[in-house]
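>>> Predicted model and sequence below, questions to follow.
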Amino acid sequence: MREKNLVAERLSRQQAIDALELLDHDSYLFIDKETNKPAVMYRRRGYSYGLTMMENGKAYLHQIKRTESAKY
């Protein structure tokens with residue numbers, strides 16, 4: 001098992017998508033500016049993105065289509 005310690009940046013969702021693409025990673029951990037909570041942006045099939053956020057110990061998944069990403 002590989003282990004990493006990361007420092008999450010406070011970013012907008014669009015900035016997280018941009019960082020994900022720039023680094024050519026499949027996922028990107030960040031602090032969501034909108035909610036001020038940790039979140040993971042990840043690449044899905046078909047040029048869309050997913051957003052995983054924790055709320056009261058439960059994970060919530062959101063799908064973001066590439067054409068909608070500009071809203072964030």
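Alright, I've got the coordinates.
>>> Low-confidence regions, the protein specifically.
Within the chain, the segments meeting pLDDT under 70 span 65-72.
>>> Strands of that one, start to end?
For the chain, applying DSSP state E gives strands covering 10-11, 27-32, 38-44, 48-55, 58-65.
>>> right, so of these, which gets closest to D18?
Closest of the strands of the chain to D18 is strand 10-11, at 8.6 Å (criterion: CB to CB). Any C-beta I mention is one placed from the backbone N, CA and C, and that applies to glycine too.
>>> from the chain's centre, how far out does that closest one sit?
10 Å (CA atoms, centre = their mean, to the nearest Å).
>>> so what's Y49 closest to, chain neighbours aside?
Leaving aside its chain neighbours, Y49 sits nearest to I64 (4.4 Å; criterion: CB to CB, 6 or more residues apart in numbering).
>>> Pull the number of nearby residues for H62.
Number of residues near H62 (other CB atoms under 10 Å) recorded here: 12.
>>> which residues sit in contact with the spatially closest residue to it that is not a sequence neighbour?
Spatially, and ignoring its direct neighbours in sequence, H62 is nearest to L51 (4.3 Å; CB to CB, 6+ apart). Listed by CB atoms under 8 Å, 6 or more residues apart in numbering, the contact set of L51 reads 13, 39-42, 61-64.
>>> quick one: which of these is nearest M1?
Nearest to M1 among the contacts of L51 is V40, at 18.3 Å by CB to CB.
>>> My read is that that closest one contacts D32, right?
No. V40 is beyond contact range of D32, at 9.9 Å (criterion: CB atoms under 8 Å).
>>> shared neighbours, the two?
M53.
>>> Could you tell me which residues make contact with E34?
12-13.
>>> correct me, but K37 touches T52?
No. Using CB under 8 Å as the test, K37 is too far from T52 to be in contact (10.9 Å).
>>> Those two: which is more packed in?
Using other CB under 10 Å as the criterion, K37 and T52 rank with T52 on top: 15 against 10.
>>> so what's the more buried one bridging to?
For T52, the beta-bridge partners under DSSP bridges are V40, L61.
>>> That one is in contact with P38, isn't it?
No. Applying CB under 8 Å as the test, T52 and P38 come out as separate, 9.4 Å apart.
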